[in-house]
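[1] here is my input; please provide its structure:
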Amino acid sequence: LSDELVSRVMTPALIIYADKVEHNVQAMLAYMGGDASRWRPHLKTTKSPYVYGVMIDAGVRYFKCATVREARCLLTVLEEREVTGADLLIAYPLQGPSLTVAGDLAAEFPATHLAVLSEDPLHVPLVPQNLGIFVDINPEMNRTGIPLTDYQSISAVAEAAGERFRGLHFYDGHIHDDNAAERRTASHALYDQVCSTIRALADDGLACGELVTSGTPTFQYALDYPDFAGGKIGDGDVIHRVSPGTVVFHDFQYDALLEDLELQPAAMLLSRVISHPQTDLVTCDAGSKSIASEAGHPVAFVLGRPELVAKPPSEEH
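    Numbering: from 1, shown residues only. Prediction:
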């Protein structure tokens, strides 16, 4: 950034580099073989109408998000661009009033298809009728979903959903092995199992329309998994999509972990040094309210100053 611009920006401030965002989006489309329909990016990591617009302008029409606020933001951008036929999966186990709000959004923005997750046949009747349903499967991540080995429960939810059954959501975000070969082996073993589940559902008359897998650490290995070739599974009736979202901004943590991923960090936090309390310590005006410190240590990397190591932050320092 120019010195003149920096002098006018209050800190801490989120800086988004438009050229790098566009580079990363185009790089992702290249990973998809130019087929934007293979990518259902998670919106929780960008939370920006501008960035949503970049993806839409690049041809992306399938998305997923975590909250109804993120959903409304995307739906508004799609409406402003007069896009019809887009598809949004709220990939979070909504309960209570949030389900009602999701149904209200589907009614307010009918040009976009909306769906939610479910993992219990008793939950299905609570889902508003204008929402599609994906069965959430737990691929040993143990955060949400039905265990992959519990076919009876998976099929029970799909059967309860009836004509609203859209597919399976299978987020293998726990695979963080140290090298690409290990990540590929671990993810492909899980894809073998979920493909068996899809075939069993078909045998039981429960057509799975779509399988959504893979965040940032594993999406490349989903794309090169033989049974997902060309975005179709089996005889071609089941569509496969990957859903990495961090890739739009990228970050140094994934840059270090994923040696085979060629992206550029596109969002950074501008911070000013406000104190120098010890000879080997400086204090900046970006603390836990500016940096997601719950993500682990180190909470930040200092651009161009590798000798500076971030210490655990307090609220504004």
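[2] give me the number of residues near residue 180?
    15 (other C-beta atoms under 10 Å). Quick note: C-beta positions are derived from backbone N, CA and C, even for glycine.
[3] list the contacts for it?
    220-221, 258-260 (C-beta atoms under 8 Å, 6 or more residues apart in numbering).
[4] max pairwise distance over these: which two?
    When C-beta to C-beta is used, the two most widely separated members of the contacts of residue 180 are 221 and 259, lying 13.4 Å apart.
[5] comparing the two, which residue is more hemmed in?
    Taking neighbours as other C-beta under 10 Å, residue 221 and residue 259 compare with residue 221 leading, 24 against 10.
[6] mind telling me what element the more buried one is part of?
    helix 219-223 (DSSP states H and E).
[7] contacts for that helix?
    31-33, 38, 180, 183-184, 187-188, 191, 213-214, 228, 240, 242-244, 247, 260-261.
[8] redo that, cut-off 6 Å
    The contact list for helix 219-223 (C-beta atoms under 6 Å, 6 or more residues apart in numbering) reads 184, 187, 213-214, 228, 242, 244.
[9] and those residues, which is closest to residue 236?
    Looking across these and measuring by C-beta to C-beta, the closest to residue 236 is residue 228, at 11.8 Å.
[10] residues in contact with the closest one?
    Counting by C-beta under 6 Å, 6+ apart, residue 228 touches 222, 240.
[11] can we see that at 8 Å?
    Taking C-beta under 8 Å, 6+ apart, we find residue 228 in contact with 191, 222, 240.
[12] let me know the secondary structure of it.
    helix (DSSP: H, G, I helix; E, B strand; the rest coil).
[13] distance of it relative to residue 281?
    Note on residue 228: its distance to residue 281, by C-beta to C-beta, to the nearest Å, is 50 Å.
[14] residue 45 now?
    Counting by C-beta to C-beta, the gap from residue 45 to residue 281 is 31 Å.
[15] who has more neighbours, those two?
    Taking neighbours as other C-beta under 10 Å, residue 45 and residue 281 compare with residue 45 leading, 20 against 10.
[16] wouldn't that one be in contact with residue 246 here?
    Yes - with contact defined as C-beta atoms under 8 Å, residue 45 reaches residue 246; the gap is 4.9 Å.
[17] ok, the contacts of helix 219-223 vs residue 145, which is closest?
    residue 213 (12.4 Å).
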